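**Student:** sequence and predicted structure, then a few things I'm wondering about:
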Amino acid sequence: MKKAISILLMIALIILTMSVATSCNNSNDTGSTTVADTQSGASDTNAAATTTAAPAATAAPTAAPVTAAPTPPAPPTFPDNMITLPTAPKATINIDGVKDDAYGDGYWENQIRDGNEGATGKVYSAWDDKNLYFLMDVTDTTPNHEATNNYERDCVEFFINWNSTPDEDTSDTTHPYWQIRIASAPATESPTDLEPNGEQISCGGNFDSANLSQIPFKVVPRVDGDTGLTKGYTIEVAFPIALAAGATPLKDGGSVVVDFQIGDNQDGSSRGSQAFLVPDDDLVDNQWQYPNADRGILPLGPARTLTNLAASATYPASSVSQGVAAPANGSLLTGLIIGTQVGWDGSPAGGNLDTGNLAAYDGDLTTFYDPPTGQSPVSFVGLKLDKPYVLTEVRICPRGDMLARYQGASIWGTNSDIFDTDTATQIWVSDAAADDQSFQCITSDQFIAGTNTGYTHYIYFNGDTTQYGDVAELELYGTAK
Ligand SMILES: [Ca+2]
Ligand SMILES: [Ca+2]
Ligand SMILES: [Ca+2]
């Protein structure tokens, strides 16, 4: 009986071994298929060569033997669901946690893996010959910097694929690939003991951890004075290309492949949510080991043009060309034109300078600002003033063929270089579409009570879920605070 069982076990073992061997063969079959595809291409080439071959009688008598060059394997490619981010302009950024005016338009990373709720962020980019720069403004209302594992604290992980090589793993050190994790605060023992006892920055990919101290970064509360980080945090960082051995120099017209993970510990126990550029993908959360899991293409462009508004022969159009009397109180406010520089062109990144922010301040009623994305806090137009002003009147000329988009139009005040609806103050909002394209003159008695207290930044934005932020002309009038 025992012998019979032994024989049965041996037979089972043989079958199992054959089964494993079959699995390996399946794997080999996949490789064979690739080879067959390549050969199929080679056959096509041969067929074409046959078609154009000269008659044998005219062939050169002593043709040298030709050794066919081996067909190189097809390089791995990035998938179709890559996101092209707004172009990073060339600028040298000050790493102080404050958004420089020279940054490019923002991208709102607000989609979270598995449909969960949690921290989101607005990311702004720039580059120069020495660095890639990012500012990530994170909304996270559940501060945590006590988790034992640093990736489980509130943090942002920046993934930089310097040469845009779609490697399938990070072991190929000839292709610089970085994972740099920056936490909202240094690791601490507990919410009440804020003495740092651990690192705030850490790394992966093939970044040499010995170089971490050479990455300049600054993390500040998203809202001034919110030392507990109850409303989130802002990270500003420079990634020196000199630390990326083998990286192609950064240049105007180039691009770098990136991704950003916003990790959010919500209840103190572990990471509760993760935002990525593309949160629902087979490779999501594998950016740490697979560079081809990154989903962002960051184009590099020329320096951003910064334009200061000034009264001119055409601006303000309400009084210059439309004959509307100047406001009874206050004077025309001028300053740096801020907001979305590149408007809608049919793509999320936008690509049309003609529909960018300058179109709302050119005195021309036929030109208009048209945001690349609706209802996004990175899509707005505004003015940055030299000091705080109190408004006396706002004049708005709607886009002529989009009068409905005046519904939900709103004016906001803030003292921050980053606009968001939960940190700025809404001063006025339109509850209806415009009847025609004439200037809408909104005096301060129509403002929301108690809001017109004086700000350095004024924003035009439309958060109505059925509308967009289009506007033909904007004029602000006020007095110094
Ligand atoms: Ca800065
Ligand atoms: Ca959190
Ligand atoms: Ca205009």
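**Tutor:** Everything's here; your move. Ligands and ions are numbered 1, 2, ... in the order given.
**Student:** next one, pLDDT for Glu168 please.
**Tutor:** Note on Glu168: pLDDT of 86.
**Student:** tell me which helix or strand it sits in.
**Tutor:** Assigned by DSSP states H and E, Glu168 falls within no helix or strand.
**Student:** which parts of stretch 281-292 are buried?
**Tutor:** Using 16 or more other CB atoms under 10 Å as the test for burial, stretch 281-292 gives Leu283, Val284, Gln287, Trp288, Gln289, Pro291, Asn292. In this view, the C-beta of every residue, glycine as well, is placed from N, C-alpha and C.
**Student:** surely the third one and Gly296 touch.
**Tutor:** Translated: Gln287. No. Taking contacts as CB atoms under 8 Å, Gln287 lies outside contact range of Gly296: 10.3 Å.
**Student:** for these two, list the residues in contact with both.
**Tutor:** Taking CB atoms under 8 Å, 6 or more residues apart in numbering as the contact rule, the neighbours common to Gln287 and Gly296 are Asp259.
**Student:** export the buried residues of stretch 281-292 to JSON lines and tack on pLDDT and distance to ligand 3?
**Tutor:** Output for the buried residues of stretch 281-292, formatted as JSON lines (pLDDT from 0 to 100; distance: CB to the ion, whole Å):
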{"residue": "Leu283", "pLDDT": "92", "distance to ligand 3": "44"}
{"residue": "Val284", "pLDDT": "93", "distance to ligand 3": "41"}
{"residue": "Gln287", "pLDDT": "94", "distance to ligand 3": "42"}
{"residue": "Trp288", "pLDDT": "93", "distance to ligand 3": "47"}
{"residue": "Gln289", "pLDDT": "91", "distance to ligand 3": "49"}
{"residue": "Pro291", "pLDDT": "93", "distance to ligand 3": "43"}
{"residue": "Asn292", "pLDDT": "92", "distance to ligand 3": "43"}
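**Student:** those residues: which two are farthest apart?
**Tutor:** Across those, the longest distance by CB to CB is 13.8 Å; it joins Val284 and Pro291.
**Student:** got the contact list for the closest residue to ligand 2 within the chain?
**Tutor:** Nearest residue of the chain to ligand 2 (CB to the ion) works out as Thr142 at 3.6 Å. Thr142 is in contact with Asp154, Asp264, Asn265, Gln266, Asp267, Gly272, counting by CB under 8 Å, 6+ apart.
**Student:** most centrally placed residue in the protein?
**Tutor:** Residue closest to the mean C-alpha point of the chain, counted by CA atoms, centre = their mean, is Tyr107 at 3.8 Å.
**Student:** distance of it from Val258?
**Tutor:** Shown here: Tyr107 relative to Val258, a distance of 10 Å by CB to CB, to the nearest Å.
**Student:** tell me, what's touching those two both at once?
**Tutor:** Common contact partners of Tyr107 and Val258 (CB under 8 Å, 6+ apart): Leu85.
**Student:** does any part of stretch 399-419 sit near ligand 3?
**Tutor:** No. Judged by CB under 5 Å from the ion, stretch 399-419 and ligand 3 are separated, with a smallest distance of 8.8 Å.
**Student:** enumerate the positions of stretch 205-224 that are buried.
**Tutor:** By 16+ other CB under 10 Å, the buried positions in stretch 205-224 come out as Gly205, Asn206, Phe207, Leu212, Ile215, Phe217, Lys218, Val219, Pro221, Arg222, Val223.
**Student:** against which helices or strands is whichever strand or helix holds Gly121 packed?
**Tutor:** Assigned by DSSP H and E, Gly121 belongs to strand 120-127. Packing partners of strand 120-127 (3 or more CB pairs under 8 Å, 6 or more residues apart in numbering; DSSP states H and E): strand 107-109, strand 131-139, strand 255-265.
**Student:** the second one close to ligand 2?
**Tutor:** No. Using CB under 5 Å from the ion, we find that strand 131-139 stays clear of ligand 2, coming within 9.0 Å at best.
**Student:** which SSE is immediately downstream of that strand?
**Tutor:** Taking DSSP H and E as the definition, the helix or strand right after strand 131-139 is strand 155-161.
**Student:** can you verify my assumption that Val324 contacts Phe439?
**Tutor:** Yes. If you go by CB under 8 Å, Val324 and Phe439 touch, sitting 5.7 Å apart.
**Student:** what is the burial count for the closest residue to ligand 3 within the stretch 101-250 of the chain?
**Tutor:** Ligand 3 sits closest to Asp105 of the stretch 101-250 of the chain, with a gap of 18.8 Å, by CB to the ion. A total of 25 residues lie near Asp105 under the criterion other CB atoms under 10 Å.
**Student:** for it, give its distance to Thr170.
**Tutor:** For Asp105, the distance to Thr170 (CB to CB) stands at 30 Å.
**Student:** go on, Pro398?
**Tutor:** Noted for Pro398: a distance of 52 Å to Thr170, by CB to CB.
**Student:** comparing the two, which residue is more hemmed in?
**Tutor:** Neighbour count, other CB under 10 Å: between Pro398 and Thr170, Pro398 has more, with 27 against 21.
**Student:** the more buried one contacts Gly408, doesn't it?
**Tutor:** No. Counting by CB under 8 Å, Pro398 stays clear of Gly408, with 11.7 Å between them.
**Student:** if we go by neighbour counts, what in the lengthiest strand in the chain is buried?
**Tutor:** Looking across the chain with DSSP state E, the single longest strand is strand 381-397. Across strand 381-397, burial judged by 16+ other CB under 10 Å covers 381-385, 389, 391-397.
**Student:** and that strand, what's its mean pLDDT?
**Tutor:** Strand 381-397 shows an average pLDDT of 98 in the prediction.
**Student:** okay, and the beta partners of the nearest residue to Gly121 once chain neighbours are set aside?
**Tutor:** In this structure, Gly121 finds its nearest non-sequential neighbour in Val138, 4.4 Å apart by CB to CB, 6 or more residues apart in numbering. Val138 has these beta-bridge partners by DSSP bridges: Gly121, Tyr233.
**Student:** Val138: neighbouring residues, count only.
**Tutor:** Number of residues near Val138 (other CB under 10 Å) recorded here: 27.
**Student:** can you tell me which residues contact it?
**Tutor:** By CB under 8 Å, 6+ apart, Val138 lies in contact with Ala119, Thr120, Gly121, Asp154, Val156, Ser184, Arg222, Gly232, Tyr233, Thr234, Ile235, Ile262.
**Student:** try it again with 7 Å
**Tutor:** Taking CB atoms under 7 Å, 6 or more residues apart in numbering, we find Val138 in contact with Ala119, Gly121, Val156, Arg222, Gly232, Tyr233, Ile262.
**Student:** what do you get for Ile241?
**Tutor:** Applying CB under 7 Å, 6+ apart to Ile241 gives the contacts Lys130, Asn131, Ala247, Leu250.
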